[in-house]
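Colleague: kindly return the folded structure for what I paste below:
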Amino acid sequence: MFGHSDSTLPTQESTMSMIPADVDESSGPPTAIPLAHFVVALAFLLAGVVVPAATGGWAGRVAHVHLFVGGWICLTILGAMTQFVPVWSGVRLHSRRLAVAQLPLAAVGFAGLAAGFLTGSLDLLPVAGALALAGVWLCCYNVARTLAAARPFDATEIHFAVALGWFAVVTVLGLSLALDFAVGVFPIAGITHATVLPAHATAAVFGAVLTTVIGALYQLATMFTQTELSPLERRFQRAETVVYPVGVATLVVGRLFAVPLVARAGGVVVAISVLGVALVLANRLRLTRVEWTPMLTRYGVAAAVLGSWALAALATWSRAALGTAVTFGAPGTATPLLAGGAAFVVLGTLYHVVPFLVWVDRYSDRVGLEPVPTVDDLYLDPLALIDGTLYACGIGLVTLGTVAAGLPAVLTTVGWGLALVGSIVFAANLLVVVVEHGGYDLQTLVGA
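Modeller: As a prediction, the model looks like this:
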């Protein structure tokens, strides 16, 4: 299921025909820059799955979120934006030096936040938060300056521009929380730690992460299924591009100032928008003109999970959108949203992006001169099947153990254990691509 559905892989011509002719890979940064982000992010993925399996309590949950969402998903997004924006928009990256500098700052910052929570060293949080802010803001500035040269914006570029704003907001809110943990700065003008915390989480997940995911899916889901959005889907896209950011902002403001009606209104708009995106993604996959790959299979899982999450969130947020239990939607659905829906989009995308970057770097200039592998030949398909199955089953067990009452607690631990093994296999499969085909030394790559 999670590997190729057919033993016959796409030809090199069919694989490359998925890339529009006017996309110029040379506009992007050196391949080592995004690959370094992805390799470091893989370490955060493993740590983010280990922590909930090995620890419990509030500190473990908060550390898990910062490792998984901040360290893995957000570092992957930073690397992907740095590569994707200049390539897709056809403009030069503003600064390669900034692209290199952003990774160690953000990575050390996210790791420091997790360490501070796990060890109870709250004085570490402001330092780590400042480093994370510096790294993320460097990326925001660099990508924003790059985007500024692209006109007019398409739907993907609009989503990315909005996401950059949310990344800036998230880090400011996060640093304020870190300072409050260490020295106490709230309340300020009626805003308290208890209201900033859900606003920070909302801006991070629904603002920075999902806005980026939605924008990328509009391009990737059509590009890699070789289909076009229908007229109805294009009308939805135009509406969602405006409505979804407004919904997220309304939800954040409603939670920041603890206004129930405002939060409910924003939550309903967010849930409906995500449901629409899930339906568009599912329809593109249904109409695909290419053989199924690990990327498309994971997109299929993401569509199902995001659609189910959105229905549950709509039912919940239409009644109440304030309170810890409903921060991420219906009670108990944080794991399927983050480790399921958003994570499967990232997992699927990396199964194409990493091999594609390596293929362009190592084999593209040999086409027509000698036999070369396809992009999908670079990773091991049996491992893709194994990691997808294990990870999906693991997250399924965690979700079941969270939302179903009366089940033994060990079910959740087993689920995270399966997800960990799946994550290890996934990381190994991509690292084989980077090391064996790309010829990179990992220590040199992440230290560059």
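Colleague: nearest residue to Ala128 in space, please, no chain neighbours.
Modeller: Excluding its sequence neighbours, the residue lying closest to Ala128 (C-beta to C-beta, 6 or more residues apart in numbering) is Gly112, at 2.8 Å. For every residue, glycine as well, the C-beta is placed using N, CA and C.
Colleague: what about the residue nearest to Val280 when sequence neighbours are not counted, distance to Gly48?
Modeller: Distance criterion C-beta to C-beta, 6+ apart; nearest residue to Val280, sequence neighbours excluded, is Glu233 at 5.1 Å. In this view, Glu233 and Gly48 are 33 Å apart by C-beta to C-beta, to the nearest Å.
Colleague: Gln226 now?
Modeller: Relative to Gly48, Gln226 is positioned 34 Å away (C-beta to C-beta).
Colleague: please identify which of these two sits among more neighbours.
Modeller: Neighbours were counted for Gln226 and for Gly48 using other C-beta atoms under 10 Å; Gly48 has more, 29 against 14.
Colleague: check contacts around that one.
Modeller: Gly48 is in contact with His64, Leu67, Phe68, Val69, Gly71, Trp72, counting by C-beta atoms under 8 Å, 6 or more residues apart in numbering.
Colleague: pretty sure Pro62 contacts Gly120?
Modeller: Check again: residue 62 is Val, not Pro. No. In this structure, Val62 is not within contact of Gly120 by C-beta atoms under 8 Å, at 11.5 Å.
Colleague: pick out whichever of those two has more residues nearby.
Modeller: Applying other C-beta under 10 Å to Val62 and Gly120 shows that Val62 carries more neighbours, namely 17 against 8.
Colleague: tell me how far the helix or strand the more buried one falls within is from the chain's mean position?
Modeller: Per DSSP states H and E: Val62 is located in helix 57-65. When distances are taken as C-alpha atoms, centre = their mean, to the nearest Å, helix 57-65 is centred 19 Å away from the chain's centroid.
Colleague: what comes up buried for it?
Modeller: Neighbour-count burial for helix 57-65, counted by 16 or more other C-beta atoms under 10 Å, picks out Ala59, Gly60, Val62, Ala63, His64, Val65.
Colleague: what's the answer for stretch 102-120, then?
Modeller: Within stretch 102-120, the residues that count as buried by 16+ other C-beta under 10 Å are 102-103, 105-118.
Colleague: out of those, list just those in helices.
Modeller: Among these, DSSP state H puts 102-103, 105-118 in helices.
Colleague: was I right about Thr288 contacting Thr225?
Modeller: Yes. Contact status for Thr288 versus Thr225: in contact at 3.8 Å, counting by C-beta under 8 Å.
Colleague: re earlier: what sits up against the helix holding Val62?
Modeller: With C-beta under 8 Å, 6+ apart as the test, helix 57-65 has contacts from Gly48, Val51, Pro52, Thr55, Leu113, Ala114, Ala115, Phe117, Leu118, Gly120, Ala201, Leu338.
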